[in-house]
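*Asks:* Predicted model follows, preceded by the sequence.
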Amino acid sequence: MKIKVGVIQDNPVFFDKEKTLDKLQTLVISYANQGHELLVFPESFIPGYPRGFTFGTKVGSRSEEGRTQYAKYYENSVDLGGPDLHRLETISKENNVYLIIGITEKQNTNGSLFCSMVYISPTNGYLGVHRKIKPTAAERVIWAEADGTSLVTYDTKIGKLGGLICWENYMPLARMAMFQKGVEVYIAPTADSRDNWIATLKHIALEGRCFVLGCNQYFTKEMYPKEYQDFPDEEESSISKGGSVIISPMGEIMAGPLLDQAGIVSAELDLNQVIRSKLDFDVIGHYAREDIFKLTVKHQPEMKKEP
């Protein structure tokens with residue numbers, strides 16, 4: 001089976017959920033018309049990855065100004081239990097394209113936020129959500145940690161999908177949790193635009209013998225609303241140069257990296273290459289050595305089969 005996929009490298013309308021949803025819809029319409037069957041958006045595309053923000057926190061103290069910023073961020077985060085999800089499902093259905101979207105997610109039962117990746121099918125709507133199990137460094141101020149129930153995978157009409165967000169991908173056991181489900185198309189949204197990140201994605205492709213879709217934003221300081229441009233004062237003007245890329249199961253770059261501009265990275269994936277790549281290495285097959293090693297992941301759900 002061959003599928004056309006697109007990794008969208010763009011910027012949100014920062015701290016504005018509704019305008020970002022409008023922009024997302026415009027991008028989806030444009031790229032779906034080019035024949036893409038799957039479109040991926042960067043980490044926390046809605047309502048934006050707050051690079052450079054401290055939210056008024058220091059060890060031992062928090063500021064009222066920072067609490068106000070957090071409340072604004074919370075207000076513009078995505079509620080998967082309400083109309084936000086319905087709108088995303090409608091965009092997917094009307095354009096006949098699978099969507100995997102990085103969001104900051106809020107839940108109406110508490111005041112905590114999660115860095116999440118939501119999976120949406122054009123025929124079956126909401127498939128589920130992966131919530132970041134380990135926010136990195138100062139991310140822990142604004143994002144809570146998820147548990148094993150968040151390590152989701154989906155057997156869809158365009159292949160077996162799964163993945164991790166940003167530096168979760170440096171966690172060997174988290175990667176293996178994805179591999180052992182037989183993921184064919186591995187999604188890795190990020191806010192990391194360093195050159196070393198691409199080396200990480202190539203390693204994941206080789207290790208898991210899967211296609212890897214690395215998706216990042218393109219963002220400059222001037223794209224922040226004026227009232228926020230002073231907060232990331234230690235950041236350079238080019239906050240994220242992008243670097244979105246698509247990599248084959250043999251670790252070869254198929255498309256990208258796209259640098260210093262907004263756009264899309266596209267490729268046609270032949271899922272038969274996943275099987276071909278496992279002739280000499282199969283991390284969950286003849287290289288697994290189950291007589292020596294066994295990975296148990298608490299509460300990880302079984303791969304969900306799309307109807």
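*Replies:* Structure received.
*Asks:* quick one: the residue positioned nearest the centre of the chain from residue 33, how far?
*Replies:* Taking Cα atoms, centre = their mean, the centroid of the chain lies closest to residue 189, which sits 3.2 Å from it. Between residue 189 and residue 33 the computed distance is 23 Å (Cβ to Cβ, to the nearest Å). In this view, the C-beta of every residue, glycine as well, is placed from N, C-alpha and C.
*Asks:* Check the spacing between the residue nearest to residue 261 when sequence neighbours are not counted and residue 14 real quick.
*Replies:* In space, and not counting its chain neighbours, residue 261 is closest to residue 218: 6.1 Å by Cβ to Cβ, 6 or more residues apart in numbering. Distance of residue 218 to residue 14, given as Cβ to Cβ: 13 Å.
*Asks:* of those two, who's got more company?
*Replies:* Neighbour count, other Cβ atoms under 10 Å: between residue 218 and residue 14, residue 218 has more, with 23 against 18.
*Asks:* And the pLDDT at the residue nearest to residue 242 when sequence neighbours are not counted?
*Replies:* Sequence neighbours aside, residue 218 is the residue nearest to residue 242 in space, at 4.3 Å (criterion: Cβ to Cβ, 6+ apart). We have a pLDDT of 92 for residue 218.
*Asks:* swap in the one 5 residues further on?
*Replies:* The model reports residue 223 with a pLDDT of 83.
*Asks:* Residue 110 too?
*Replies:* pLDDT at residue 110 comes out at 85.
*Asks:* Now it: phi and psi?
*Replies:* Here is the backbone geometry of residue 110 (degrees, to the nearest 10): phi -160, psi -180.
*Asks:* How many neighbouring residues does it have?
*Replies:* Close neighbours of residue 110, defined as other Cβ under 10 Å, add up to 8.
*Asks:* Poorly predicted segments of this protein, please.
*Replies:* In the predicted model, the chain carries pLDDT under 70 at residues 229-236.
*Asks:* the helices in it, which residues?
*Replies:* Listed in chain order, the helices of the chain (DSSP state H) span 17-32, 64-75, 83-95, 172-179, 195-208, 272-277.
*Asks:* Mean neighbour count added to those, as a markdown table?
*Replies:* Below are the helices of the chain laid out as a markdown table (neighbours: other Cβ atoms under 10 Å):
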| stretch | mean neighbour count |
| --- | --- |
| helix 17-32 | 17 |
| helix 64-75 | 15 |
| helix 83-95 | 17 |
| helix 172-179 | 18 |
| helix 195-208 | 18 |
| helix 272-277 | 15 |
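*Asks:* Quick check: residue 281 vs residue 18, distance?
*Replies:* With distances taken as Cβ to Cβ, residue 281 is found 47 Å from residue 18.
*Asks:* I should have written residue 285 there, sorry.
*Replies:* Remark: distance between residue 285 and residue 18 (Cβ to Cβ) = 47 Å.
*Asks:* what does residue 170 give?
*Replies:* Distance from residue 170 to residue 18, counting by Cβ to Cβ: 34 Å.
*Asks:* what does residue 137 give?
*Replies:* For residue 137, the distance to residue 18 equals 30 Å [Cβ to Cβ].
*Asks:* Run a quick neighbour tally on the residue nearest to residue 69 when sequence neighbours are not counted.
*Replies:* Of all residues not flanking residue 69 in the chain, residue 55 sits nearest, at 5.4 Å (Cβ to Cβ, 6+ apart). When neighbours are defined as other Cβ under 10 Å, residue 55 has 18 of them.
*Asks:* Report the contact partners of residue 55.
*Replies:* With contact taken as Cβ atoms under 8 Å, 6 or more residues apart in numbering, residue 55 is in contact with 62, 66-67, 69-70, 73, 141-142.
*Asks:* ok, which pair from those is furthest apart?
*Replies:* 62 and 73 (14.3 Å; Cβ to Cβ).
*Asks:* What residues sit buried inside stretch 101-118?
*Replies:* When neighbours are counted by 16 or more other Cβ atoms under 10 Å, the buried residues of stretch 101-118 are found to be 101-106, 113-118.
*Asks:* Identify the residues contacting it?
*Replies:* With contact meaning Cβ under 8 Å, 6+ apart, stretch 101-118 is reached by 24, 40-47, 73-74, 77-82, 85, 88, 99-100, 120, 126, 128-132, 135, 139, 142-144, 146, 163, 165-166, 187, 189, 215.
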